[in-house]
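>>> Quick check, what structure comes out for this input:
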Amino acid sequence: MYCQNCGAELPSESLYCFKCGEKIPVEYDGETNLVDEIISSGNVVHDYNKYHEDLKIFQSSQRKPIDLSSKIPLIILILVVGLIITLIVNVKINEIKLHREEKEKIETLSNNLYELMESSTVDEEYLKYAKEIIDESEKYEELDEIRTSFYAIYKSESQRYLRDIWHEWESENDLGSISLESVTSELRLAIGFDYNNDDISDAQLLAINFTSLHSTFDDVAENLRNELQPYQDSINIVYESANTYPCDNDIKNEIDDTWQIINESYNKINSVQNRVFITLSDRANNIRLHQQQQRANEIIARLKNNYENRYFKHGYYQFEIEQKMSRDGFMQIASYFAEAPDGSTQVKQEFEKLLEQDGFYFRIWISLQPSYGLGSYYYNVRVTEQ
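Residues are numbered from 1 along each chain as shown. Take a look at the predicted model:
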């Protein structure tokens, strides 16, 4: 059964709609009044109580859910505040941790400086470790006083140590044997002439066996490098120390000068190699090329003279010259009308031949053109190197 007012579904025995409260019309069967029957049966009170119970059940089932959309800003605010508090706490914790670590670092560096001040052994390891501690302690103002006190000791010990190892190096190494003059002299002897002399004749250069010279010079240069290697290895250690730790200026200048002499000796060997095997060999090659060009020019002049004598100095007719040229391997490459030197227009023919002689390749080019006079002609002979 349904309410005629709101359409809600109702129990069949309901007298009122428990949703809208509308009274349910009573149906008659034509003879008996149902209202009278219900009243007489005593169920009126029962139906009324049931109506209220049904109404409560329906209202409870139709209760709307709680709307949280209005609570979202508050929730977000709470989360943000919580996050900020967490960050602040973490920052404070980190500050405390860093402060504690910095305090421990300062204490450690201070102890290290005191230990170095009391140390009686000064060597390369001592200087390296002391420099590291000094550089690290410069980050903290609290250590300025003790660092200043120790640095005076460190500087004095470093200068004494470097002075001792330099004097020791000098006593163990003969500087005279690694002078630039001695290196230059040995290289000059290996080459057989003064490579710094630009007045070497062309004949001398062409007479040099550069392959043999290269092999000989390589042996001498390698021996010189092997002799210099121990000096360079040992001076590099002293040089690096003198440029890393405090050192007397006089001692440092002596070390720098010796280091430069040894390295210049290496550079001298390399520069001489470049001078001999590039500059001199290039110059010799240029001389050879010039001589070859002279030889080619001589052949060109001779060929031109030979072909002029062969074809044009014996009074041959033009057709006879063409026959001779054909037998000699010339090929006609062009034939066209052109103005002759006498002003007439005649057919001009061009012939060509390639020739190899004495290792050179030449192109011989000959042109023939009749003149206005009967039996006469013009010619031209050109020889070029390919």
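>>> so where is the protein shaky, pLDDT-wise?
26-69, 175-184, 187-200, 204-205, 207-210, 213, 374 (pLDDT under 70).
>>> where do the helices sit along it?
34-41, 44-61, 72-118, 124-137, 144-172, 180-191, 202-207, 210-242, 249-274, 281-312, 318-327 (DSSP state H).
>>> Including distance to Glu13 and mean neighbour count, could those helices go into a markdown table?
Backbone N, C-alpha and C define where each C-beta goes, glycine included. Listed next are those as a markdown table, based on distance: least, C-beta to C-beta, whole Å; neighbours: other C-beta atoms under 10 Å:
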| stretch | distance to Glu13 | mean neighbour count |
| --- | --- | --- |
| helix 34-41 | 9 | 11 |
| helix 44-61 | 6 | 12 |
| helix 72-118 | 48 | 11 |
| helix 124-137 | 98 | 15 |
| helix 144-172 | 103 | 15 |
| helix 180-191 | 131 | 15 |
| helix 202-207 | 138 | 13 |
| helix 210-242 | 113 | 15 |
| helix 249-274 | 120 | 15 |
| helix 281-312 | 129 | 14 |
| helix 318-327 | 141 | 14 |
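>>> looking at these, which is closest to Gln386?
Nearest to Gln386, of all the helices of the chain, is helix 281-312, at 10.2 Å by C-beta to C-beta.
>>> any idea how far Gln260 is from His167?
His167 sits at a distance of 19 Å from Gln260 (criterion: C-beta to C-beta, to the nearest Å).
>>> Just give the nearest non-adjacent residue to Ile235, would you?
Leaving aside its sequence neighbours, Ile235 sits nearest to Trp259 (C-beta to C-beta, 6 or more residues apart in numbering; 5.1 Å).
>>> My read is that the one you found contacts Asn236, right?
Yes. Trp259 is in contact with Asn236 according to C-beta atoms under 8 Å; the separation is 7.4 Å.
>>> who touches the residue nearest to Thr244 when sequence neighbours are not counted in this structure?
Closest residue to Thr244 apart from its sequence neighbours, by C-beta to C-beta, 6+ apart: Lys131 at 7.2 Å. Lys131 makes contacts with Tyr154, Thr244, Tyr245, as judged by C-beta atoms under 8 Å, 6 or more residues apart in numbering.
>>> Save those residues as TSV, and put in distance to Trp365 too.
Below are those laid out as TSV (distance: C-beta to C-beta, whole Å):
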residue	distance to Trp365
Tyr154	88
Thr244	76
Tyr245	80
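>>> Can you tell me which of the residues you listed lies closest to Met117?
Checking the contacts of Lys131 one by one against Met117 (C-beta to C-beta), the nearest turns out to be Tyr154, at 8.8 Å.
>>> got the contact list for the closest one?
Leu116, Leu127, Ala130, Lys131, Ile134, Pro246.
>>> Can you tell me the closest non-neighbouring residue to the first one?
Among residues not flanking Leu116 along the chain, Ala130 sits closest, at 5.4 Å (C-beta to C-beta, 6+ apart).
>>> Then the second one?
What sits nearest to Leu127 in space, not counting adjacent residues and going by C-beta to C-beta, 6+ apart, is Tyr245, at 4.9 Å.
>>> is it true that the one you found touches Tyr126?
No. Using C-beta under 8 Å, Tyr245 is not in contact with Tyr126; the gap is 10.0 Å.
>>> Spit out the residues that contact the two alike.
Contacts common to Tyr245 and Tyr126, judged by C-beta under 8 Å, 6+ apart, are absent.
>>> rewinding a little: export the helices of the chain as JSON lines, with columns for distance to Glu9.
Below are the helices of the chain laid out as JSON lines (distance: least, C-beta to C-beta, whole Å):
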{"stretch": "helix 34-41", "distance to Glu9": "20"}
{"stretch": "helix 44-61", "distance to Glu9": "10"}
{"stretch": "helix 72-118", "distance to Glu9": "37"}
{"stretch": "helix 124-137", "distance to Glu9": "88"}
{"stretch": "helix 144-172", "distance to Glu9": "94"}
{"stretch": "helix 180-191", "distance to Glu9": "120"}
{"stretch": "helix 202-207", "distance to Glu9": "126"}
{"stretch": "helix 210-242", "distance to Glu9": "102"}
{"stretch": "helix 249-274", "distance to Glu9": "110"}
{"stretch": "helix 281-312", "distance to Glu9": "116"}
{"stretch": "helix 318-327", "distance to Glu9": "128"}
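>>> Select, out of those helices, the one closest to Cys17.
helix 44-61 (8.8 Å).
>>> got a list of what the residue nearest to Leu116 touches?
Leu116, Phe150, Tyr154.
>>> didn't the first one look like it was pressed against Ser149?
No. Look at Leu116 against Ser149 with C-beta under 8 Å: they stay out of range, at 10.9 Å.
>>> got the contacts of Ala130 as TSV, with distance to Phe362 columns?
Listed next are the contacts of Ala130 as TSV, based on distance: C-beta to C-beta, whole Å:
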residue	distance to Phe362
Leu116	86
Phe150	87
Tyr154	83
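>>> quick check, nearest of those to Ala301?
Tyr154 (84.7 Å).
>>> how near is the closest one to Pro246?
7 Å.
>>> Report the buried residues of the longest strand that the chain contains.
As assigned by DSSP state E, the longest strand anywhere in the chain is strand 345-357. Under the neighbour-count criterion of 16 or more other C-beta atoms under 10 Å, strand 345-357 has Gln346, Lys348, Gln349, Glu350, Phe351, Lys353 buried.
>>> And that strand, what does it pack against?
If you count contacts as 3 or more C-beta pairs under 8 Å, 6 or more residues apart in numbering; DSSP states H and E, strand 345-357 packs onto helix 281-312, strand 331-339, strand 360-370.
>>> bridging residues for Val383?
Ile364 (DSSP bridges).
>>> hang on, isn't it packed against Ile366?
No. Counting by C-beta under 8 Å, Val383 does not reach Ile366; the two are 9.7 Å apart.
>>> Touching both of those two, which residues are there?
With C-beta under 8 Å, 6+ apart as the test, Val383 and Ile366 both reach Tyr307.
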